[in-house]
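Novice: Would you be able to build a 3D model of this:
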Amino acid sequence: FSLFMMWAYPAFIAPLFNKFRSLEEGELKQKIENLLSRNGFVSSGIFVMDGSSRSTHGNAYFTGLGANKRIVFFDTLINELSPDEIEAVLAHELGHFKCHHIRKRIAMMAAIFLAGFALLGWLIELPWFYHGLGVSQASSYMALMLFVMVSPVFTIFLQPVFSQLSRKHEFEADDFAAAQAKPADLIQALVKLYKENANTLTPDPLYSAFHDSHPPAPIRIAHLTAKMG
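Specialist: Down below sits the predicted model:
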């Protein structure tokens, strides 16, 4: 189902909620096409989304699967950043693709779901699983409901592991971007986006370890600055 949604989302679902237009010819489009050509990435188009209709948040992303792969920029991002900065941001997103982060995450989630359903298949036959949670009548639907309710209590310790893995992927994508574009351009883009999106620059370390999928701004910028030496 996830693979089907990745294929169907850009062409059939996303247009129901936002308007998309092709990126016009010019310096920016030429830079993007050169970047994609250097890295052997083929897409079905480069689009601009009316993100400003909902917020000032700026973003860019790859979406789709197979022939439906697309590159999408929020119009707010186009208005906020220079062509060089946008190229650097896109190089970061391309880094996720080239480093196979999406494939790795799909494989990891498939393994987690498989383990979860295996555990549910074992618990569904055990009376104490129901009685311990105050349910007297065992059933398949009740087992699934109870499992979904209580599993976060026992898996919360995995949250910092997933967050750390996500931050590792962000550093790898930044490294790729630094090799494809100027690190200074990516730093400038990040500073503008952090300011525009009102992100916390110095989050609590413990909270960040559990919840933040991206490294804190000072750490990420210092990492990129080191690439400029």
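Novice: Look at the residue lying closest to Glu170 once chain neighbours are set aside and give its secondary structure.
Specialist: Nearest non-adjacent residue to Glu170, counting by C-beta to C-beta, 6 or more residues apart in numbering: His214, 5.2 Å away. In short, each C-beta sits where N, CA and C put it, glycine included. Of the three states, His214 takes coil under DSSP: H, G, I helix; E, B strand; the rest coil.
Novice: For His214, list the residues it contacts.
Specialist: The contact partners of His214, by C-beta atoms under 8 Å, 6 or more residues apart in numbering, come to 166-167, 170, 220.
Novice: Give the buried subset of these as a ChimeraX selection command.
Specialist: Selecting only the buried members of those in ChimeraX, with burial defined as 16 or more other C-beta atoms under 10 Å, works like this:
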select :167,170,220
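Novice: would a markdown table of the contacts of His214 with secondary structure be doable?
Specialist: Below are the contacts of His214 laid out as a markdown table (three-state DSSP):
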| residue | secondary structure |
| --- | --- |
| Ser166 | helix |
| Arg167 | helix |
| Glu170 | helix |
| Arg220 | helix |
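Novice: out of the contacts of His214, which one sits closest to Ala184?
Specialist: Nearest to Ala184 out of the contacts of His214 is Arg220 (C-beta to C-beta; 13.8 Å).
Novice: what about the closest one, distance to Lys168?
Specialist: 12 Å (C-beta to C-beta, to the nearest Å).
Novice: And for Ser43?
Specialist: 26 Å.
Novice: again with Val72
Specialist: 25 Å.
Novice: These two: who's more crowded?
Specialist: Val72 (24 against 12; other C-beta atoms under 10 Å).
Novice: what about the helices in this structure?
Specialist: 2-8, 27-38, 75-80, 83-98, 101-123, 127-131, 140-155, 159-180, 183-196, 205-211, 217-226 (DSSP state H).
Novice: pLDDT wise, what is Tyr61 at?
Specialist: Note for Tyr61: predicted pLDDT of 83.
Novice: Run through this structure and note the low-pLDDT ranges.
Specialist: For the chain, the stretches with pLDDT under 70 are 67, 198, 229.
Novice: List the contacts of the closest residue to Leu36 other than its chain neighbours.
Specialist: In space, and not counting its chain neighbours, Leu36 is closest to Ser43: 6.9 Å by C-beta to C-beta, 6+ apart. Taking C-beta under 8 Å, 6+ apart, we find Ser43 in contact with 36, 62, 64, 69-71.
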